[in-house]
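In: after the sequence you'll find the predicted model.
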Amino acid sequence: MRVLVAEDEKTLAEYVAMGLRDQSISVDLAFDGDTALDKLTTGAYDVVVLDRDLPGTHGDDICRYLIENDGRTRVLMLTAMADVGDRIAGLRLGADDYLGKPFDFDELVARLDALGRRAGPAVPPMLRWHGIVLDSSRRSVTRNGRPIALSRKEFGLLSVLMAAAGRIVSAEELLRVVWDEHADPFTNAVRVTMCRLRAKIGAVGAIETVPGAGYRMGGSGC
């Protein structure tokens, strides 16, 4: 899942981004409304965590723009404007969810997970593939019941591939979804991380390389 955090309180924004990255979520930051709108119009995000009272383009105008022009990116308003009237107003603007400050970080992650599942075809929180079980809510992976410790990038790659359910996923798409906007498009990070992931899973053929196209979950693992 790729998330844009649009928040003018830099300390809070960076705290949220650091916590979400620890949850294997790809995060970009925008500290004002103009930058947020530019990134949303040029990038592809599953969810935007949107402060309503942003400098520059107001958060409400960003929400309206997304509703009118972008049917994919889900909007979670994260704002100090949190009384009942504010929440109703935000939801009526078209926001998919609304969370007031201060907030519980685990609740934010749970709400993002739910919105992320709604951003594309429905994906269950528990993914299974030939003995491999990925639990997105617990951020855990097992193979034949044995726990496998993965880094957040390895977990992100496996999540995307298992959610694709056999569909080929290009290296460019994996880089876009699992890494952030600062990733070098010419980096070999995907290939290197994929090698480590395969070694940890230990199932020959579980992840196939399709020359010139990308990667997919294979049928011969386990």
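Out: That came through fine.
In: without its sequence neighbours, what residue ends up closest to residue 137?
Out: residue 125 (4.9 Å; C-beta to C-beta, 6 or more residues apart in numbering). All C-beta atoms are positioned from the backbone trio N, CA, C, and that covers glycine.
In: separation between that neighbour and residue 163?
Out: In this view, residue 125 and residue 163 are 11 Å apart by C-beta to C-beta, to the nearest Å.
In: which one of the two is surrounded by more residues?
Out: More crowded of residue 125 and residue 163, by other C-beta atoms under 10 Å: residue 163, with 21 against 12.
In: biggest helix in the chain by residues?
Out: helix 105-119 (DSSP state H).
In: roughly how far apart are the residue nearest to residue 137 and residue 74?
Out: 16 Å.
In: ditto for residue 187
Out: Distance from residue 187 to residue 74, by C-beta to C-beta: 28 Å.
In: how about residue 46?
Out: Distance from residue 46 to residue 74, by C-beta to C-beta: 7 Å.
In: repeat that for residue 130.
Out: 31 Å.
In: now swap in residue 83 and tell me
Out: On the measure of C-beta to C-beta, residue 83 and residue 74 end up 23 Å apart.
In: more neighbours: these two, which one.
Out: residue 74 (23 against 9).
In: which residues sit in contact with the more buried one?
Out: 46, 47, 48, 96, 97, 115, 116, 118, 119 (C-beta atoms under 8 Å, 6 or more residues apart in numbering).
In: and it, bridged to which residues?
Out: residue 47 (DSSP bridges).
In: leaving out chain neighbours, which residue sits closest to residue 37?
Out: The nearest residue in space to residue 37 (C-beta to C-beta, 6+ apart) is residue 57, at 5.0 Å.
In: could you say which helix or strand contains the residue lying farthest from the centre of the chain?
Out: Going by C-alpha atoms, centre = their mean, the residue of the chain most distant from its centre is residue 85, 29.3 Å out. Element membership for residue 85 (DSSP states H and E) is helix 84-93.
In: and that helix, what's buried?
Out: By 16 or more other C-beta atoms under 10 Å, the buried positions in helix 84-93 come out as 86, 87, 89, 90, 93.
In: distance of the last one from residue 39?
Out: This points to residue 93. Taking C-beta to C-beta, one finds residue 93 at 20 Å from residue 39.
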